[in-house]
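**Student:** Need coordinates for the following:
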Amino acid sequence: MIRINRNILNASICIIVVIILFSGTLSACTGFTTSKGDEVFTGHNKDWWSTDTYIHVYPSDEETHARMFFEIPYPHIFNSEYKVLAGGINDQGLFYESYVTPLLFASFEFFKPLLFKSPVEYILEHFFTVQEVVDYIESHNLFFLNYILCSGQIFVIDKTGDSAIIEGDEIIRKQGDYQVCTNFLHSRPDLGGYPCYRYETATSILDNITDPSVSSLVSILNATHQKGYTQYSSICDLNNLTMYLYQFHNYEKGIKIDLNTEFQQEAHSYYFPSLFEPETNQAPDKPNTPMGPTSGVIDEQILFETNTTDIDNPSDEIYYKWNFGDDMQTNWVLNNERYMGKMTHSWSKSGSFSVTVKAKDIYGKESPWSDPLEVSISRFNDDFFTSFLQLRK
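**Tutor:** Residues are numbered from 1 along each chain as shown. As a prediction, the model looks like this:
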């Protein structure tokens, strides 16, 4: 097998690592498929840092199948508004989801046509079965897809019950009645993420399910969700094309969607949180003015904190976004026990900067920006000048 120049490969690795670090994500997704006779189900927990999931639905035409995609933000180093199609299904019962994994690069194979763009749109537009997907992937050079594939895998399932996990060059096919996918590489578990308790939990429950149903499969989602980070969940019946959706790991309140009906409509979209938002929901209150030092020096990490109230939602269902007045804003950060309304920042130049913060609930309602805290950043601290003056005497 022929590989390209090591310098090019190393440069690619650096770029991708920076992208991953920039995204600031937490991903601990869990997916599975199980079948019995003509019944084929999939289930999935999408664990992510942002509530801003969109659903896009496209009808069929003479050349493409009808399909539905789940789109999530995945900030790119060159584009903070970048989004990815994290999962989807078409009118033929072909389903896929994506999962973040440790780094593993696809090789460069000279004698295969190149793929430069994520293949998931093409797959749902044109294919019926997992075997068609596998044939397509294996017949292409995936090297220039390393910007997405090197840190992720794709789980594909069809209505016959066939499934496969695509890990770049490696493809793991379903064996038995079910298959489970989390965030480790089945081909290289030594690279990290394994053992995985979510994987073990899901397989243990599936071992004891003799008659798959929505309620029995929801129990897997409930047992493997990540508190505060499971943004959406789904159970899908691939033969009947029905889907059950859940938001923010609340499995007692679900929505049933008839995909056949969705696919017969013109192209349309949904903001996922709005499907679950109570009619009386209001935005969080304007956060308090940030608290923290009002002066500092270049490259010094300074801690700030804030809080707010929301009459409709508990504090651990509130996100904060910070603006530090130097063209730097954070992603939305969940107000959970790891965070508690605190954020650190450093400035790379001297000057006066306004620090502000705003809040958002899990339904997407945003507060106004807070009043600013003015912070003065200098090149050196007072102790430096004091020492310098003493030396001059």
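
**Student:** which SS class is Ser219?
**Tutor:** Following DSSP: H, G, I helix; E, B strand; the rest coil, the label given to Ser219 is helix.

**Student:** Oh, that last question was meant for Ile123, not what I typed.
**Tutor:** Going by three-state DSSP: Ile123 is helix.

**Student:** which residues sit in contact with it?
**Tutor:** 94, 96, 133, 136, 156 (Cβ atoms under 8 Å, 6 or more residues apart in numbering). C-beta: built from backbone N, CA, C; applies to glycine.

**Student:** Domain boundaries for the chain, per the record?
**Tutor:** Domain segmentation of the chain under automatic domain parsing yields 6-275, 295-383.

**Student:** would JSON lines of those domains with distance to Thr289 be doable?
**Tutor:** Formatted as JSON lines, those follow (distance: least, Cβ to Cβ, whole Å):
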{"stretch": "domain 6-275", "distance to Thr289": "24"}
{"stretch": "domain 295-383", "distance to Thr289": "4"}
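
**Student:** Quick one, which of those gets closest to Gln282.
**Tutor:** domain 295-383 (5.7 Å; Cβ to Cβ).

**Student:** any chance you could map the helices in the protein?
**Tutor:** For the chain, the helices defined by DSSP state H occupy 6-23, 120-126, 130-138, 146-149, 197-207, 214-224, 259-263, 382-392.

**Student:** can you give me how far the second one is from the chain middle?
**Tutor:** It stands for helix 120-126. 20 Å (Cα atoms, centre = their mean, to the nearest Å).

**Student:** Out of the contacts of Ile123, which end up buried?
**Tutor:** Among the contacts of Ile123, those classed as buried by 16 or more other Cβ atoms under 10 Å are 94, 96, 133, 156.

**Student:** which stretch in the helices of the chain has the least confidence?
**Tutor:** Mean pLDDT values for those show the minimum at helix 6-23, a mean of 38.

**Student:** Which of the domains of the chain sits closest to Pro287?
**Tutor:** domain 295-383 (4.2 Å).

**Student:** Give me the nearest residue to the spatially most central residue of the chain, chain neighbours excluded.
**Tutor:** Closest residue to the average C-alpha location of the chain: Trp48 at 4.2 Å, with Cα atoms, centre = their mean. Of all residues not flanking Trp48 in the chain, Gln231 sits nearest, at 4.9 Å (Cβ to Cβ, 6 or more residues apart in numbering).

**Student:** what's the neighbour count on the one you found?
**Tutor:** 24 (other Cβ atoms under 10 Å).

**Student:** Equivalent analysis for Tyr270, please.
**Tutor:** Neighbours of Tyr270 (other Cβ under 10 Å): 16.

**Student:** OK, contacts around it?
**Tutor:** Counted by Cβ under 8 Å, 6+ apart, Tyr270 has contacts 54-55.

**Student:** what bridges to it?
**Tutor:** Ile55 (DSSP bridges).

**Student:** now Phe95
**Tutor:** Residues in beta-bridge contact with Phe95 (DSSP bridges): Ile89, Ile157.

**Student:** Kindly state the pLDDT recorded for it?
**Tutor:** The model's pLDDT for Phe95 equals 98.

**Student:** so it sits right up against Thr42, yeah?
**Tutor:** Yes: using Cβ atoms under 8 Å, Phe95 and Thr42 qualify as a contacting pair, with a distance of 5.3 Å.

**Student:** Specify which member of the contacts of Ile123 is nearest to Lys83.
**Tutor:** When these are compared against Lys83 (criterion: Cβ to Cβ), the nearest one is Tyr96, at 16.4 Å.

**Student:** Tell me who's in contact with the closest residue to Asp162 other than its chain neighbours.
**Tutor:** Using Cβ to Cβ, 6+ apart and skipping residues adjacent in sequence, the residue nearest Asp162 is Val130, 4.3 Å away. Val130 makes contact with 94, 156-158, 160, 162-164, according to Cβ under 8 Å, 6+ apart.

**Student:** For the residues you listed, give me CSV that also has distance to Glu317.
**Tutor:** Below are these laid out as CSV (distance: Cβ to Cβ, whole Å):
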residue, distance to Glu317
Leu94, 34
Val156, 33
Ile157, 31
Asp158, 36
Thr160, 40
Asp162, 38
Ser163, 34
Ala164, 36
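
**Student:** No further questions, thank you.
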